[in-house]
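Q: Got a predicted structure plus its sequence, pasted below:
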Amino acid sequence: RDDVQPTWPRWLRVWYLVLGGLLVVLVIWAAWWLWSSERPTLAKIGWLVLGAALAGFGAWLARKTEDENSFPGWRTLLSLGSLNSLTGFALGVVVAIVPIVVISAVRTHRYDTPSATPPTLETPFRDVVALGDSYSAGEGLRRYLPGTEDVDVENDGGDRCHRSNWAYSQQLGYREEPRMDFRACSGAVVEDLFTGHPEPRRGGSNSVEIPAQVNPGSPPDGSVDLVLLTMGGNDMGFSSVVTQCFREDDCLAQPFDFDGNARQLTVAHWAKYRGEKLAGELREDYRRLREHYPEARIVVLGYPYLFPSGPARISASDCDLILRRVSEKERDGLRELQDEFTQRIYQAATYGGVEFVSPQAVWNGHEPCGDRGQYVNAVNPLGPEGSFHPNRAGQRALAALVSCYLNEVRRPLPGQHALLSWELGVTSR
């Protein structure tokens, strides 16, 4: 009853007003961001208009309840009812978000996605070298090998290469256990194959020296009979492209700030420009690898698609929220750019005298949020580590693909055409 209503301080009413307005705008903005990427601009404007209208109504109601002559007999009910509604609304948002975060975390860390078991290699490889970047190191698949944890003060000496026993090179079915030289390193770029670099320690003033994966001053090593690697994804800015596509609508047409892109090229144009330059760098490095390991089969793996094709479903699934944020048009555009990048790697491998296998065919439906179970993690809600990198099933699938390829195809002769995986039919095995 109004005759027993306590006198609320004016600052408290203003606080309720500000809190309510911010909460409504925040929730409507989040809904617009998550749900409207695939919808026309009019729908996005509608979300913002709705948020502004609700915030404005809340401000008007809060202001009117301050007037003793307004809403006779209803002021207490309206004041407390508005506060309770806002509190319930906030709790409802939390209740809606928490399950999505939990489901996303479980999806990221689940290990039961089926994938092929790598067959035993028919050739008895005795000396194996595993080079490359995070896809070859096993990024996101803890525990990492000693000395390859994060670079920080507490873990003195760690080099942040994040090498894991779950990496595909460690899961191949060798007849006899070979001597394994595991040098792949998360974050590696093409230059790191033959050049070392310092890695700053997090929280410290010193740095850790990351040696070149292949010592350019050492003589050719004829004892190595198998070399495996992935390389080029970090040079192409995979993680930055994914981040931009989560932040920006029509992301492929937006200026892309990466690697000193002073010309402010769009993602699509920058990918073509950088891809051409990178192809030349890869050709030279593959040639040097061939000279350094003259007796080895050198197998370069391509990269799987980062997103599935097809429209997103209308549901509150964590994956559907992710897919709605990056529209079908944008995802198809990214897949086309990856096809071009794959072709460039293949051509560079052929020029450099090494072999190339693409995982894209076996990855169909197994992309992040793919409908056949993901081989690559989507967004890890517990942190960036492992996001858009192969999970255990994905690394096992890579190992199976490499094993099938090595068993099916003899080492090409110098200048011989190295076939893509889908030309060989190994993807059906």
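A: Structure's in. What do you need?
Q: So residue 123 versus residue 299, what's the distance?
A: In this structure, residue 123 and residue 299 are 12 Å apart, going by CB to CB, to the nearest Å. In short, each C-beta sits where N, CA and C put it, glycine included.
Q: Tell me which of the two has more neighbours.
A: More neighbours sit around residue 299 than around the other of residue 123 and residue 299, counting by other CB atoms under 10 Å; the figures are 20 against 14.
Q: So that one: helix, strand or coil?
A: At residue 299, secondary structure determined by DSSP: H, G, I helix; E, B strand; the rest coil is strand.
Q: what phi and what psi does the backbone show at the residue lying closest to it once chain neighbours are set aside?
A: Among residues not flanking residue 299 along the chain, residue 355 sits closest, at 4.9 Å (CB to CB, 6 or more residues apart in numbering). In terms of degrees, to the nearest 10, the main-chain angles of residue 355 are phi -100, psi 150.
Q: how close does residue 355 sit to residue 402?
A: When CB to CB is the yardstick, residue 355 and residue 402 sit 10 Å from each other.
Q: Identify the contacts common to the two.
A: Here residue 355 and residue 402 share the contacting residues residue 299, scored by CB atoms under 8 Å, 6 or more residues apart in numbering.
Q: First-to-last residue distance for stretch 176-191?
A: Counting by CA to CA, to the nearest Å, the length from the leading to the trailing residue of stretch 176-191 is 33 Å.
Q: And stretch 215-227, by the same measure?
A: Start and end residues of stretch 215-227 are separated by 15 Å (CA to CA).
Q: Just give the number of residues close to residue 137.
A: For residue 137, the number of neighbouring residues by other CB under 10 Å comes to 30.
Q: roughly how far apart are the closest residue to it other than its chain neighbours and residue 307?
A: Nearest residue to residue 137 in three dimensions, chain neighbours excluded: residue 184, at 4.1 Å (CB to CB, 6+ apart). Using CB to CB, one gets 24 Å for the distance from residue 184 to residue 307.
Q: got any residues that touch both of residue 123 and residue 299?
A: Contact criterion CB under 8 Å, 6+ apart; residues bridging residue 123 and residue 299 by contacting each: residue 406.
Q: ok so, going back, the more surrounded of residue 184 and residue 307?
A: In this view residue 184 and residue 307 are compared by other CB under 10 Å, and residue 184 has more residues nearby, 29 against 25.
Q: Remind me which helix or strand the more buried one belongs to.
A: Assigned by DSSP states H and E, residue 184 falls within no helix or strand.
Q: Need the phi and psi values for it.
A: For residue 184, the backbone dihedrals (degrees, to the nearest 10) come out as phi -60, psi 150.
Q: ok, now residue 334?
A: For residue 334, the backbone dihedrals are phi -60, psi -40 (criterion: degrees, to the nearest 10).
Q: Renumber starting at 34 from here on
A: Sure thing, new numbering starts at 34, so read that last one as residue 367.
Q: in the stretch 234-383 of the chain, which spans are strands?
A: For the stretch 234-383 of the chain, strands defined by DSSP state E, counting those that start in this stretch occupy the ranges 240-243, 259-262, 330-334.
Q: Many thanks, we can stop here.
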